[in-house]
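Engineer: any chance you can model this:
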Amino acid sequence: MSNFDETSTPAICENCLGKNPYLEMIREVNGAKCKTCTRVFPVFKWAPVKGGRFKRTVICLTCARARNCCQSCMLDLTYGIDLRTRDQLLKLAGSKTMDLLSTPINETSKKYVANNLEKKYLELGESGIESQDEKRQKATEILQKLSETKSNSIKGNGKENDHKNGKRSNDSNGETTGQNDNFKLSNAEILKLTKGLPLNGTLKNKPRNEETKSFFIFGFNEKFPEYLIKEFFADKFNVEVEAVTLNHKGGFGYIYFKSRKISELVSESILKSNGETNPENYYTAPFLLIIDRTPIRVCWGAPPKTSLNHTNAQLYKINSIVKRQMKKFADKDNQATASEKRKTTENNATDTNSNKKKKSKSVPLPPSKKIDYKSLQKDYEI
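Structural biologist: Sure, this is the predicted structure:
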């Protein structure tokens, strides 16, 4: 169990906290297991927007300190990038990666390492964390250069696209916004970039290769965490996901299951859960799932055996293609939903008219018996 101090506060980034300066948090002691070390830890819950959906911490404070990440979204607290990219840069800088990232899969070992780290932080206090930051000074410089290069490339791509389209920037600061949506790609380039990515796949047609036991997913944003996918499949389909790999720059990834049989059962369960989000064309297109209010498409798919080694520029282009595919499928779903509503309205109107006609038909009165009244008799006296 993770040690809890009444005065300790969670490590949460500004994006997760929101803009409300008077934020209220609900603290639940021993509320859940840490997603990293599996120890029980105090959970904090809060609503970034009044009346909005609650966010919560998913890892303990010890793991967050070891990774220097947010306890909620698990992105780097300093630069807001995913931990895998950050650790690769740490290796380039000649610095060691975060301690907990190299722990084995065994739960007992995870807890042992986490307990040792917690003791270390309690002994050293803030000075221990500062000394680690000093050791990673080279990595900080690389990350700073990376962030500057990325921002410059975004501006350059936006200006270049505006120049090609004959447009000027309308941003108040004179800078263009967005770099992925204005790419003009030829059909040959699209085919080359999306080779091996089943953007038009389905869940109905099972792959012939029996070794395929994974799903291809796409459409998520750059800050979408992996653990939400695992929780979604565990809660809704009662199945444990073996692994999830997300390429946030490209906007696509893969979900791995333990066996082919499990993956087939999950695909059948997903198809049976067809509802308003997947109209009549859901058999011929990637299935739409809503995970944490994020639309994601899923279909059968396995990563290519040979590594594609996409560059950052290629991944940005793939991301733009993914967004176009998501919009295309959304338009098709809207058209299918509208046609279904039209058919339902017409059927209801037809049923109503037929019922009115049935009611308007006159029904003959039953035959009556002849009745003789005393007042009509000839010898009747008052």
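Engineer: confirm that residue 338 sits in a helix.
Structural biologist: Yes: applying DSSP: H, G, I helix; E, B strand; the rest coil, one finds residue 338 inside a helix.
Engineer: where's it relative to residue 331, distance?
Structural biologist: 11 Å (CB to CB, to the nearest Å). Glycine gets a C-beta too; all of them are placed from N, C-alpha and C.
Engineer: mind checking which helix or strand of this structure has the lowest mean pLDDT?
Structural biologist: helix 126-135 (a mean of 52; mean pLDDT, DSSP states H and E).
Engineer: low-confidence stretches in the protein?
Structural biologist: Counting by pLDDT under 70, the chain contains low-confidence ranges at 1-7, 90-105, 125-184, 274-283, 306-308, 340-341, 343-344, 346-382.
Engineer: give me the domain ranges for it.
Structural biologist: 14-142, 187-312 (automatic domain parsing).
Engineer: would you turn those domains into JSON lines with mean neighbour count?
Structural biologist: Shown next, in JSON lines, are those (neighbours: other CB atoms under 10 Å):
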{"stretch": "domain 14-142", "mean neighbour count": "16"}
{"stretch": "domain 187-312", "mean neighbour count": "16"}
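Engineer: closest one to residue 323 among those?
Structural biologist: Closest to residue 323 of the domains of the chain, according to CB to CB: domain 187-312, at 7.1 Å.
Engineer: and the closest one, end to end?
Structural biologist: 20 Å (CA to CA, to the nearest Å).
Engineer: parallel or antiparallel, list what pairs with the biggest strand by length in the chain.
Structural biologist: Looking across the chain with DSSP state E, the single longest strand is strand 25-33. Its sheet considered, strand 25-33 pairs with strand 40-46 (antiparallel) by DSSP bridges.
Engineer: before we move on, the earlier item: and of the domains of the chain, who's closest to residue 322?
Structural biologist: The nearest among the domains of the chain, by CB to CB, is domain 187-312 at 4.2 Å.
Engineer: dump the residue contacts of the closest residue to residue 249 other than its chain neighbours.
Structural biologist: Leaving out its chain neighbours, the residue that sits closest to residue 249 by CB to CB, 6 or more residues apart in numbering is residue 315, at 4.0 Å. For residue 315, the contact set (CB atoms under 8 Å, 6 or more residues apart in numbering) comprises 247, 249, 250.
Engineer: the first one contacts residue 224, correct?
Structural biologist: Same thing as residue 247. No: using CB atoms under 8 Å, residue 247 is not in contact with residue 224; the gap is 11.2 Å.
Engineer: picking up where we left off before, between the contacts of residue 315, which is nearest residue 188?
Structural biologist: So of the contacts of residue 315, ranked by how close each gets to residue 188 (CB to CB), first place is residue 250, at 19.1 Å.
Engineer: quick check, the closest one in a helix?
Structural biologist: No: going by three-state DSSP, the assignment for residue 250 is coil, not a helix.
Engineer: tell me the phi and psi of it?
Structural biologist: Main-chain torsions, residue 250, degrees, to the nearest 10: phi -90, psi -20.
Engineer: thanks a lot, catch you later.
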